[in-house]
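1. Need a 3D model of the sequence below.
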Amino acid sequence: MERRTAIKNVLFAAAGIITLPAWGNSWNSHSLQITNSVFNANQVQTLEILVDSLIPSSSILGAKDLEISIFVDKMITDCYEKSEQNNFITGLENAAKLANETYRKDLILCDKTQRNDLLIKLSTSNDSQQKDFFTLLKSLTVLAYTTSEYVLTKHYNYVMAPGHYYGCVNV
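-> Okay, the predicted model is just below:
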């Protein structure tokens, strides 16, 4: 091995070790704020309603309380291709249109049972695009909810580093 290559590798490793903690600590709720969403205000509102209908609040916090719609928005905006983003936007618009056609009122004015019926209609639809939209919405919502800090610490009793290290113990 050449000495220059070895020195270069050691310097890169040292730089990585120094910057890694700062990079990991910069992940907080402020860094996850939506800066460039692909959704307009009506679509964001529809997304919030559908996510809240999937996991409503009860004696435990629901999806709306944990702001799961922000996670779904961020995932669709940052991690999916343009065609899938457009399909998701179309799905949100179709859900709002379906509420208008079925109940003759906006989705925001629908009560809990009407919203649940709407979700059932989306999940059992013959239209593959609506079914795919519902499947993606549901999977992202469940992913965000089950991996949230609240659920992991309060219900799964997740501990980041379980146990305790006792370094100075007589052998």
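2. Three-state assignment for the spatially most central residue of the chain, please.
-> By C-alpha atoms, centre = their mean, the chain has its centre lying nearest to Phe71, at 3.1 Å. Secondary structure, DSSP: H, G, I helix; E, B strand; the rest coil: Phe71 is helix.
3. Surely it and Ala144 touch.
-> Yes - if you go by C-beta atoms under 8 Å, Phe71 and Ala144 touch, sitting 3.9 Å apart. The C-beta positions use only the backbone N, C-alpha and C, and glycine is treated the same way.
4. what about the helices in the protein?
-> 3-25, 41-54, 68-79, 82-103, 112-123, 128-146, 149-154 (DSSP state H).
5. Save those as a markdown table, and put in mean pLDDT and distance to Met160 too.
-> Output for the helices of the chain, formatted as a markdown table (pLDDT from 0 to 100; distance: least, C-beta to C-beta, whole Å):
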| stretch | mean pLDDT | distance to Met160 |
| --- | --- | --- |
| helix 3-25 | 77 | 12 |
| helix 41-54 | 94 | 27 |
| helix 68-79 | 93 | 20 |
| helix 82-103 | 94 | 33 |
| helix 112-123 | 93 | 34 |
| helix 128-146 | 95 | 17 |
| helix 149-154 | 88 | 9 |
